[in-house]
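Visitor: The sequence isn't on hand, but the structure is:
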């Protein structure tokens, strides 16, 4: 059974940095994509970054060059390093496990409970 638990959210001023973490269990290496999503009040949940089983990373245009997704298999932990944060980055950030099939990330199979990131101007 896949379980995901986020931590590390908080409040920061614009231009600052935060790192959020996602502790995972039940993830079989090579069978899942892992990703970060976010949802701001009144908006739909949107993808932020994906980490594919071969280490390939993909980012939403809005965070390219500012956010970095990475994973540590020895710690079963997924990270999202967020630099040069903007007020528009304020949202609940969710860790997700996605299917991996035909060389592509599929739909989300599992969600974490989320961690709040607030960026003030």
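Guide: Noted; the coordinates are in hand. As the structure is a computational prediction, the values presented were derived from the model and not from experiment.

Visitor: any idea which element the residue nearest to the spatial centre of the chain lies in?
Guide: With distances taken as C-alpha atoms, centre = their mean, the chain has residue 36 as the residue nearest its mean C-alpha position (2.0 Å). Using DSSP states H and E, residue 36 sits in strand 32-39.

Visitor: Straight-line length of stretch 19-38, end to end?
Guide: 14 Å (C-alpha to C-alpha, to the nearest Å).

Visitor: so is the closest residue to residue 62 other than its chain neighbours in a helix, a strand, or just coil?
Guide: Distances taken as C-beta to C-beta, 6 or more residues apart in numbering place residue 88 nearest to residue 62, at 7.5 Å, with adjacent residues excluded. Just so you know, the C-beta spots here come from the backbone N, C-alpha and C atoms, and that holds for glycine as well. When classified by DSSP: H, G, I helix; E, B strand; the rest coil, residue 88 comes out as helix.

Visitor: okay, residue 88: pLDDT?
Guide: We note a pLDDT of 97 for residue 88 in this prediction.

Visitor: again, but for residue 30
Guide: Residue 30 is given a pLDDT of 77.

Visitor: Quickly note the distance from it to residue 103.
Guide: 12 Å (C-beta to C-beta, to the nearest Å).
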